[in-house]
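>>> Got a predicted structure here, sequence first:
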Amino acid sequence: MQATEEPLSWAATRLAAAIRSREISSRELLELELERVKEQNPRVNAVVTIDEDGAGAAARRADELTARGGSLPPLHGLPVTIKDAIETAGMRSTGGAIELTDHVPTDDAPSVARLKQAGAIVFGKTNVPRWSEDMQTYNAIFGTTNNPHDVQRTAGGSSGGAAAAVATGMTAFELGTDIGGSIRIPSHFCGVCGHKPSFGVVSQRGYLGYLGSGGTDSDLNVFGPLARTVGDLELLMDVLVGPDVELATAWTLRLPPARHAELADYRIGVWIDDPDGELDIEVRALLHHAVAALGDAGAQVSDSRPALGLAESDEVFWPLVLGAASPRLPDDVAVEVGGPHARWIRHRDRAAELRRRWREWFATHDVLLCPVMPVPAFPHDLAGTFSDRSLAINGQPVPHARTLPWIGLIGVAYLPATVVPVGRTASGLPVGIQVVGPYLEDRTALFVARHLAQLLAPAGTD
C-alpha cells in the first residue's frame, strides 16, 4: 500500500479488517502512526513514551502471521498507545508522578495483557496528570497536554493524552481509566467516543494511583476504551471484559446483549435541565438537538429520571472519591481527607441506596441521556490546585468541584456510560453526551450510543 494518511482516520474495526485482508500491513500502519506522532505531538503533547524498536519487531511478527493465513485475533496487528497510569511490561509507566519517572514494569496490567493477547501492539504511553488526580492533563515530568481542537485549552483529564492521541490519529484506540470522569471528560472535550464500563467488569489491576498501588481495586474506578467510533468501543469491550486472574478459576463474566434489537423499542429518559447542574447555553442546545434526533428516529423519549437528585448524589460521590484517593497522601492527611473507615462505610450504604433507586427506574426505562460536563474544553488553568480553580458557566464562576455532578451521578451508581460527540460550538469545540445504561448492561448503552452517533454523523463518515 502506498503511504497515505487516510487510514489514520479509520475506525479500529476497519483498520483490523484492512490488516487481515492485506490492504495495509501492520508495519505500514505503525510507520504512519509514528509519523503522525512526529507531526502532531509537538502541538498537543499527548504521547510521552515510545518503544519504536519493540513495536516494529512486533509488527513484523504480526505481518508474518498475516502472510501465513488462517484465523487471526480481533485486534491483530493494530499499533496502539496506553494511558501512562496503566502498567505496561517493558515500557516506562509513570502515572505522571516524579517518584515513578524511571519505573518500567515487568508485567502488563491484566487489561493490557488482554489487548495484547487479542493482537494489539503497544508502541507508546500517553500523558496523565500526577496520579490521575485532575481534570486537566499536566505533570512535572512531561508537561501539559493540549486540546487538538484548540491548543490553548485542556484536553481534559485524567485520560487527556489518550483522548488527544485518538482524536489526532496517533493511535488506533486507547485504554483509559475513570474514577471521576477520566474517560468521559476527555472524550467530551476532544470529540471522541469513550466508554466507562460497569464497575467490576474490566480488571483495574495495574493502576498507578499511588506508590505501591496496582494490586488491589479502588472503589468507583474502572478501565475502559476510547476510540473514534462506538463500533470500536463494542469490539474493545468484547476483548476487555473478564474476571481478574485469581477469580477466573471459578468465575466467568458474560455481559448480556442489548435489551432490544430496534431503536424504536428503547425507552429513553432525559436528564439535561437541572438547577443543580447548570449548563453552558451552547452545550445545552446541542444536547437537546441530540435528544430530538433520537425521538425523530422513533425512540420512545421522555423527561423521566430516577428518584434522586444531583446534590444528593454529589454528597456521596465526593467522600468515596476522596477516600479512594487518600492512600497517595501522608497518613495524617489521608485520615483527614478520607475520613475514618466507619464514615466510608456509611457513604457506601448511601451509595447502595442510590443504586437501588436506579434499578427501580431501569425496570421501566432502558437508558438515560445526560450531560458530561457543563462546558466544552476550557482554557488551561494550572495555577493553584483543583480546589482553588473555577470555571465560567454562562459568565458566572463555579468551583471545579461543583462542575462534576453529572460525572458523579453515574460513577457512584457503578453504571456504564458511553460518551459520543453530538456537535460543536460556534467556536468549533466538541460537545459529548452520556448514554447511561443499567448496571452490567453495557451493551444496551453502547447500542443506543451507536445509533445516536450514526444519526448525527456527517454523510460518508464511519
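Cool, got the structure. It should be emphasised that the depicted structure is a prediction, and the values quoted were computed from it without experimental measurement.
>>> tell me the contacts of the closest residue to Phe199 other than its chain neighbours?
What sits nearest to Phe199 in space, not counting adjacent residues and going by CB to CB, 6 or more residues apart in numbering, is Tyr414, at 3.7 Å. (C-beta placed from N, C-alpha, C; glycine too.) For Tyr414, the contacting residues are 198-200, 220, 355, 439, by CB atoms under 8 Å, 6 or more residues apart in numbering.
>>> what does Ala85 give?
Applying CB under 8 Å, 6+ apart, one finds that Ala85 lies in contact with 93, 95-96, 128, 131-132, 158, 177, 207-209.
>>> When you filter these down to buried only, what's left?
Members of these that pass the buried threshold by neighbour count (16 or more other CB atoms under 10 Å) are listed as 93, 95-96, 128, 131-132, 158, 177, 207-209.
>>> any chance of those in JSON lines, with secondary structure too?
Supplementary listing: the buried ones among the contacts of Ala85 in JSON lines, determined by DSSP: H, G, I helix; E, B strand; the rest coil:
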{"residue": "Ser93", "secondary structure": "coil"}
{"residue": "Gly95", "secondary structure": "coil"}
{"residue": "Gly96", "secondary structure": "coil"}
{"residue": "Val128", "secondary structure": "coil"}
{"residue": "Trp131", "secondary structure": "helix"}
{"residue": "Ser132", "secondary structure": "helix"}
{"residue": "Ser158", "secondary structure": "coil"}
{"residue": "Thr177", "secondary structure": "strand"}
{"residue": "Tyr207", "secondary structure": "strand"}
{"residue": "Leu208", "secondary structure": "coil"}
{"residue": "Gly209", "secondary structure": "coil"}
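>>> Make JSON lines from the residues you listed and add distance to Leu279 and pLDDT to it.
Converted to JSON lines, these look like this (distance: CB to CB, whole Å; pLDDT from 0 to 100):
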{"residue": "Ser93", "distance to Leu279": "36", "pLDDT": "98"}
{"residue": "Gly95", "distance to Leu279": "32", "pLDDT": "98"}
{"residue": "Gly96", "distance to Leu279": "30", "pLDDT": "98"}
{"residue": "Val128", "distance to Leu279": "27", "pLDDT": "98"}
{"residue": "Trp131", "distance to Leu279": "29", "pLDDT": "96"}
{"residue": "Ser132", "distance to Leu279": "26", "pLDDT": "97"}
{"residue": "Ser158", "distance to Leu279": "23", "pLDDT": "98"}
{"residue": "Thr177", "distance to Leu279": "26", "pLDDT": "98"}
{"residue": "Tyr207", "distance to Leu279": "31", "pLDDT": "97"}
{"residue": "Leu208", "distance to Leu279": "33", "pLDDT": "97"}
{"residue": "Gly209", "distance to Leu279": "30", "pLDDT": "95"}
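>>> Just give me the closest of these to Gly423.
Ranking these by separation from Gly423, with CB to CB as the measure, puts Ser158 on top at 24.9 Å.
>>> Chain neighbours aside, what residue packs nearest to the closest one?
Nearest to Ser158 is Ser132, by CB to CB, 6+ apart, at 3.7 Å.
>>> which among the buried ones among the contacts of Ala85 gets closest to Ala16?
Distances from the buried ones among the contacts of Ala85 to Ala16 were compared by CB to CB; the smallest belongs to Thr177, at 23.6 Å.
>>> Could you measure from that closest one over to Lys196?
Remark: distance between Thr177 and Lys196 (CB to CB, to the nearest Å) = 9 Å.
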